[in-house]
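S.K.: let me see the structure of the following:
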Amino acid sequence: MNKEFVMRGQTASGLTEVLNFSGNKPGYAYRLTEFALYPSTDVPASSYELTGSVTAGKTAVAPNDPDFNDDGLIATTFTKSESNVAYPVTSLTIINDLFLITQDLILMVQDTGSAPINWQCRFKSVKMSVAEEAATNFKQFTIFDG
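M.R.: Numbering: from 1, shown residues only. Below is the predicted model:
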């Protein structure tokens, strides 16, 4: 089984994508190791402010207002660039890379300019025992159902 894989795409600002984990190999979970956003506009000539979130919950987490008390929030990221070169690009990503993923996730992105946003998530597979798999599935189900 591949140790790492990437999911990537482009999503309209304010909308969501389902990151599909159904049909993956039993006995394995996945850890999110990278979450990155990239604008779809003329990068050198524009300013942008992008936010994104990834959750295991039932509904998307607003990336402009994440709540770190939400057990389902796996990752959030923020990237800002000014058209003035005197101001460097600012980027901050926080990932709960200890969260074991066994079910679908919801990704949401937001751009202050309303342009579509390119995103990429990198995952690493983790082999689990039968007991670990049961506990992980139960934890993610209770987060989703809560």
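S.K.: residue boundaries of the strands in the protein?
M.R.: For the chain, the strands defined by DSSP state E occupy 4-11, 16-19, 28-39, 48-55, 73-81, 90-95, 105-111, 117-127.
S.K.: pLDDT at the closest residue in space to residue 108 that isn't next to it in sequence, what is it?
M.R.: The spatial neighbour of residue 108 that comes closest, neighbours along the chain excluded (Cβ to Cβ, 6 or more residues apart in numbering), is residue 60 at 4.0 Å. For glycine as for every other residue, the C-beta is placed from the backbone atoms N, C-alpha and C. Looking at residue 60, its pLDDT stands at 94.
S.K.: so what's residue 3 up against?
M.R.: For residue 3, the contact set (Cβ atoms under 8 Å, 6 or more residues apart in numbering) comprises 124-125.
S.K.: could you report the neighbour count for the spatially closest residue to residue 56 that is not a sequence neighbour?
M.R.: Among residues not flanking residue 56 along the chain, residue 72 sits closest, at 4.4 Å (Cβ to Cβ, 6+ apart). Using other Cβ atoms under 10 Å as the criterion, residue 72 is surrounded by 22 other residues.
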